[in-house]
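For reference, the sequence and a predicted model appear below.
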Amino acid sequence: SQKIEQNSEALNIQEGKTATLTCNYTNYSPAYLQWYRQDPGRGPVFLLLIRENEKEKRKERLKVTFDTTLKQSLFHITASQPADSATYLCALNTGFQKLVFGTGTRLLVSP
Amino acid sequence: EAQVTQNPRYLITVTGKKLTVTCSQNMNHEYMSWYRQDPGLGLRQIYYSMNVEVTDKGDVPEGYKVSRKEKRNFPLILESPSPNQTSLYFCASSPSGQGARGRQETQYFGPGTRLLVL
């Protein structure tokens, strides 16, 4: 069956460290993958998109990698700040006019 | 300001009482979609629309209806709500569909509607 897996346990890190979140998928061949940020009670907000032929994408302190052989994407936040605390969702394009979302990983950055 | 709006933001209702959640976007987007979000299950798509008068089922369409009579509006209708439809609902839009390889577009989400069905 098709599955998108993100670590359901919260990730706790110290301010200034690099946070790394994982998104694994099975039985999909996505053309691209997206990462969203979601704050409690609010709608997801787009962060980064990476295409199947790209290995890495950066935006300010954010970096995403995409390994279609491993079927995995890694999402990095460098020099993390308490304001980065949120839930981060990965989403795959399934080729059927829609995105399929993972359940998200909650990140907690302590001062 | 470019945005997706939803109304109401919070709603408590009783089983069987028909309700409509409105969604509107001011970005002239062709594609619109409804999701529900439940703990441990993530965002699941209910219905989507590629353009006016074009709608299709997502992963969890049972118990819901939609319509797309105008490009900007995409209401979600619960004809006979049941307690298992208690959830957080999000509307989203994007310039066009997600499916075409070579066209990759992000979705813009509304603020959410929290629904409680008693």
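Great, that's in hand. Residues are numbered from 1 along each chain as shown, chains lettered A, B, ... in the order given.

mind listing what the residue nearest to the spatial centre of chain B touches?
A centroid search over chain B (Cα atoms, centre = their mean) returns B:Trp34, at 2.2 Å, as the residue closest to the centre. By Cβ atoms under 8 Å, 6 or more residues apart in numbering or on different chains, the contact list for B:Trp34 reads B:23, B:45-48, B:58, B:64, B:66, B:74, B:76, B:89-92. Backbone N, C-alpha and C define where each C-beta goes, glycine included.

one more time with 10 Å, if that's ok
B:6, B:21, B:23, B:44-49, B:58, B:60-61, B:64, B:66, B:74-76, B:89-92, B:110, B:113 (Cβ atoms under 10 Å, 6 or more residues apart in numbering or on different chains).

do the same with A:Leu74
Counting by Cβ under 10 Å, 6+ apart, A:Leu74 touches A:Thr20, A:Leu21, A:Thr22, A:Cys23, A:Asn24, A:Glu56, A:Lys63, A:Val64, A:Thr65, A:Phe66, A:Asp67, A:Cys90.

Then B:Lys69?
B:Val52, B:Glu53, B:Pro75.

What residue in chain A comes nearest to chain B?
Residue nearest to chain B within chain A: A:Gly43 (3.2 Å; Cβ to the nearest Cβ).

So what does that residue look like in phi/psi?
According to degrees, to the nearest 10, the main-chain angles of A:Gly43 amount to phi -80, psi 150.

Now residue 12. Nearest residue, chain neighbours left out?
Just going to use chain A. Excluding the flanking residues, the one nearest A:Asn12 by Cβ to Cβ, 6 or more residues apart in numbering or on different chains is A:Leu108, at 4.8 Å.

wrong one, I was asking about chain B
Closest to B:Ile12 by Cβ to Cβ, 6+ apart is B:Leu116, at 4.7 Å.

Most neighbours of all the contacts of A:Leu74, which one?
In terms of neighbour count, A:Cys90 stands highest of the contacts of A:Leu74 at 28 neighbours, by other Cβ atoms under 10 Å in any protein chain shown.

Using just helix, strand and coil, how would you label that one?
Here A:Cys90 is recorded as strand under DSSP: H, G, I helix; E, B strand; the rest coil.

which non-adjacent residue is nearest it?
Spatial nearest neighbour of A:Cys90, chain neighbours left out: A:Cys23 (3.5 Å); criterion: Cβ to Cβ, 6+ apart.
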